[in-house]
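1. below is the sequence, then the predicted model.
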Amino acid sequence: MLFNSFEFLLFFLLSLATYAVTPKKFRWLQLLIFSYGFYMWWNPKYILLIVVSTLIDYWCSLQMGKLPKVKRKPFLWLSILSNLGILFAFKYFNFFADAAQNISTFLNISYSKPFFEVLLPMGISFYTFQTMSFSIDVYNDKIKPEKHLGIFALYVSYFPQLVAGPIERASHLLPQIKNFHAIHWSNISIGFRWIILGLIKKVVIADRLALYTDSVYNNPSNFGALTLVLATMFFAFQIYCDFSGYSDIAVGVARFFNVKLMENFKMPYFSTSISEFWKRWHISLSTWFRDYVYIPLGGNRTVKWKWYYNLFVTFLISGLWHGANWTFVIWGALHGIFLILAIVFNQKGEEKNTSTFKYLIKNIWVFMLVLLGWVFFRANSVNEGFYIVKTIVSSSWSISQIFTPIGSNNVYNLDLMLSCFWILGLLFFEAAYFFNWNRFKIANKPAMISIGVIIIFLFGVFESKQFIYFQF
């Protein structure tokens with residue numbers, strides 16, 4: 001069973017109701033039970049993977065805490081290899097088995113490919129990275145080992161961000177879940193605003209855009225260049241609203257329990273350089289790769305070729321993190337190449353107070369590069385990704401293409417216009433905050449909660465659609 005946004009909120013309401021009447025000293029236990037129950041609602045047996053990761057990292061961190069740094073490495077490697085081993089077995093085994101078979105076929109070597117048929121555990125990439133960061137930080141003396149097993153288990157499995165992030169650092173999340181406070185009206189008010197914003201992004205914008213993008217990308221050969229361009233642009237906003245919508249809901253839900261999760265997105269499509277884009281997109285993941293992959297490789301404090309190598313490898317791994325498919329690898333490689341070229345040509349993001357024309361040119365250029373990456377991220381195969389790019393570049397564009405019914409989902413002109421309307425509304429809303437247009441900052445007004453609820457129920461798409469990043 002896969003979660004949609006309303007199932008997630010139902011679980012939250014059940015948790016909140018029992019949390020309010022639970023004695024303070026047992027609230028960590030109540031949330032741990034609900035966090036485990038939340039994950040088991042999807043597939044009960046896979047809770048064992050979270051328990052195993054938790055126990056191994058808890059024990060390894062305690063052992064490292066007893067030793068000087070020079071003697072900690074065996075426990076650090078046990079933690080890292082056990083987590084990566086679980087991740088590899090469930091997410092990447094078949095991918096690398098296929099790659100080995102392709103290589104052996106090319107070299108004319110006899111090879112019988114093993115196959116591991118298993119359902120991918122939901123959110124496995126998120127919670128394994130979160131618990132690994134704890135072990136690495138303990139090893140580097142950035143934090144102390146957590147001696148309370150229950151509190152540490154809650155840190156690993158905290159249900160608002162368990163299956164799709166943000167990937168929280170122990171130094172930020174652990175102190176908050178160790179010191180719960182009573183429920184306050186101010187937190188409820190703030191939490192509701194985040195939840196309403198997240199639901200609007202998810203069911204009003206992302207799920208409506210999915211009707212178009214899924215129909216086009218599942219049959220790209222049936223459509224012309226302009227339709228493919230429009231579907232790619234729609235997907236850019238679909239994945240943004242889907243993922244940032246979940247992050248907003250998670251932030252809002254956690255706020256009810258007086259926990260402040262990190263902000264995972266900061267209006268990334270207003271960026272004027274690729275490096276700025278990655279400072280605004282999926283911040284918890286990009287900073288994770290910066291701190292635990294890029295910097296340990298040497299970062300930018302080395303000769304230029306090694307700097308470029310470090311960047312490229314980091315983004316290659318980031319692409320593979322997203323899925324066991326060559327489309328994700330190409331997506332990561334493209335962003336690595338974009339960043340290297342930006343360094344070579346000394347491209348920097350512009351300040352917000354630069355000339356409007358110069359800002360728009362750079363912003364549009366970065367958005368086009370990001371769109372190219374999204375083609376491969378969304379494509380069902382590498383061949384389809386290249387076909388889409390080739391069609392867009394080499395085929396004629398006809399405006400009539402986009403005003404015809406799309407696929408079996410009955411996506412007609414009204415759906416197309418509604419999609420464009422909500423994208424423009426989102427851009428205006430975010431521009432008000434990005435450029436500090438005070439007169440248009442209306443989200444904090446109490447009436448906006450009621451208006452938001454009305455928008456959700458009037459314009460939401462209520463088919464059962466899981467969050468895109470649950471598969472990662």
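-> Received it, and whenever you're ready, just let me know what you need.

2. count of neighbours near Leu119?
-> By the criterion of other CB atoms under 10 Å, Leu119 has 10 neighbours. From N, CA and C alone the C-beta is placed, and that goes for glycine too.

3. next: Leu29.
-> Neighbour count of Leu29, defined by other CB under 10 Å: 15.

4. from Ile317, how far off is Pro296?
-> 12 Å (CB to CB, to the nearest Å).

5. neighbour count: those two, which is higher?
-> With neighbours defined as other CB under 10 Å, Pro296 and Ile317 compare such that Ile317 has more, 15 against 11.

6. what sits against the more buried one?
-> Phe289, Val293, Gly332 (CB atoms under 8 Å, 6 or more residues apart in numbering).

7. Ala20 against Ile188, yeah?
-> No: here Ala20 does not reach Ile188: they are 10.9 Å apart, not a contact under CB atoms under 8 Å.

8. higher neighbour count, those two?
-> When Ala20 and Ile188 are compared for neighbours, Ile188 comes out ahead with 14 against 11, by other CB under 10 Å.

9. now do the one helix or strand Leu81 maps to: everything it contacts.
-> Element membership for Leu81 (DSSP states H and E) is helix 73-87. The contact list for helix 73-87, computed with CB under 8 Å, 6+ apart, reads 49, 52-53, 56-57, 60-61, 63-64, 67, 124-125, 128, 131-132, 135-136, 139.

10. ok, 6 Å please
-> Leu49, Ser53, Ile56, Asp57, Cys60, Gln63, Met64, Thr128, Met132, Ser135, Tyr139 (CB atoms under 6 Å, 6 or more residues apart in numbering).

11. how much space between the fifth one and Phe367?
-> Think Cys60. With the distance defined as CB to CB, Cys60 ends up 43 Å from Phe367.

12. so between the two, which is more surrounded?
-> Set Cys60 next to Phe367 and count neighbours by other CB under 10 Å: Cys60 wins out with 24 against 18.

13. in contact with the more buried one, which residues?
-> Here Cys60 is in contact with Phe75, Leu78, Ser79, Ser135 (CB under 6 Å, 6+ apart).

14. likewise for Ile274?
-> Contacts of Ile274 by CB under 6 Å, 6+ apart are Phe338, Leu339, Ala342.

15. the last one should be in a helix, yeah?
-> Right, the one you point to is Ala342. Yes: assessed by DSSP: H, G, I helix; E, B strand; the rest coil, Ala342 belongs to a helix.

16. count residues in the vicinity of it, would you?
-> As a burial measure, Ala342 scores 19 neighbours (other CB under 10 Å).

17. now Tyr240
-> Tyr240, neighbours per other CB under 10 Å, totals 24.

18. and the gap between it and Glu168?
-> Tyr240 is 21 Å from Glu168, by CB to CB.

19. hang on, the earlier thing: which one (most neighbours) among the contacts of helix 73-87?
-> Neighbour max across the contacts of helix 73-87 (other CB under 10 Å) = Asp57, 29 neighbours.

20. my read: that residue touches Thr131, true?
-> Yes: counting by CB atoms under 6 Å, Thr131 is a contact partner of Asp57 at 4.8 Å.

21. does Asp141 lie in a helix or a strand, and which?
-> Using DSSP H and E, Asp141 falls within no helix or strand.

22. excluding chain neighbours, what is closest to it?
-> Nearest residue to Asp141 in three dimensions, chain neighbours excluded: Lys69, at 6.8 Å (CB to CB, 6 or more residues apart in numbering).

23. against Asn140, how distant is that neighbour?
-> Distance from Lys69 to Asn140, by CB to CB: 8 Å.

24. what do you get for Glu146?
-> 16 Å.

25. ditto for Ala342
-> 30 Å.

26. do the same with Tyr308
-> Taking CB to CB, one finds Tyr308 at 26 Å from Asn140.

27. quick one, which of these two is more surrounded?
-> The residue with more neighbours, out of Tyr308 and Asn140, is Tyr308; 19 against 13, by other CB under 10 Å.

28. tell me which helix or strand that one sits in.
-> Going by DSSP H and E, Tyr308 is in helix 304-322.

29. so how far is that helix off the chain centroid?
-> Distance, stretch centre to chain centre, for helix 304-322: 18 Å (CA atoms, centre = their mean, to the nearest Å).

30. same question for that helix, mean pLDDT?
-> Across helix 304-322, the average pLDDT comes to 94.

31. could you do stretch 382-392 as well?
-> Regarding stretch 382-392, the rounded mean pLDDT is 94.

32. same question for stretch 328-346.
-> 93.

33. and the nearest residue to Ile456 once chain neighbours are set aside, how far from Phe459?
-> Sequence neighbours aside, Leu199 is the residue nearest to Ile456 in space, at 5.3 Å (criterion: CB to CB, 6+ apart). According to CB to CB, Leu199 and Phe459 sit 11 Å apart.

34. do the same with Lys142
-> Taken as CB to CB, the span from Lys142 to Phe459 is 45 Å.

35. also Trp41?
-> In terms of CB to CB, Trp41 sits 28 Å off from Phe459.

36. which neighbouring elements make contact with the lowest-mean-pLDDT helix or strand in the chain?
-> Lowest by mean pLDDT, DSSP states H and E among the helices and strands of the chain is helix 5-21, with a mean of 73. With contacts taken as 3 or more CB pairs under 6 Å, 6 or more residues apart in numbering; DSSP states H and E, helix 5-21 sits against helix 27-42.

37. repeat that with 10 Å
-> Helix 5-21 sits against helix 27-42, helix 185-199, helix 225-256, with contacts defined as 3 or more CB pairs under 10 Å, 6 or more residues apart in numbering; DSSP states H and E.

38. nearest to Asn300 among the ones you listed would be which one?
-> helix 225-256 (27.9 Å; CB to CB).

39. about what we covered before: just the helices and strands packed on helix 5-21: most buried one?
-> Ranked by mean neighbour count, the helices and strands packed on helix 5-21 are led by helix 225-256 with a mean of 24 (mean count of other CB atoms under 10 Å).

40. hey, where'd the strands end up in the stretch 251-400 of the chain?
-> Shown for the stretch 251-400 of the chain, no strands are assigned by DSSP state E, counting those that start in this stretch.

41. so where's this structure shaky on pLDDT?
-> 1-9, 110-111, 113-116, 180-182, 347-354, 398, 400-413, 438-447, 464-465, 469-472 (pLDDT under 70).

42. which single one of the contacts of Ile274 is nearest to Leu261?
-> For the contacts of Ile274, the closest approach to Leu261 (CB to CB) belongs to Leu339, at 27.1 Å.

43. any idea how the chain splits into domains?
-> 5-180, 187-272+350-471 (automatic domain parsing).

44. export those domains to a markdown table and tack on distance to Ser284?
-> Conversion of these to a markdown table gives the following (distance: least, CB to CB, whole Å):
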| stretch | distance to Ser284 |
| --- | --- |
| domain 5-180 | 4 |
| domain 187-272+350-471 | 5 |
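
45. follow-up on the earlier one: the helix holding Tyr308 vs helix 73-87, what angle?
-> 50 degrees (axes from the mean of the first three to the mean of the last three CA atoms, to 10 degrees).

46. which parts of helix 304-322 are buried?
-> By 16 or more other CB atoms under 10 Å, the buried positions in helix 304-322 come out as 307-312, 314-316, 318-322.

47. what do you get for stretch 103-123?
-> Quick answer for stretch 103-123 (16+ other CB under 10 Å): Pro121, Met122, Gly123.

48. I'm done for today, thanks for sticking with me.
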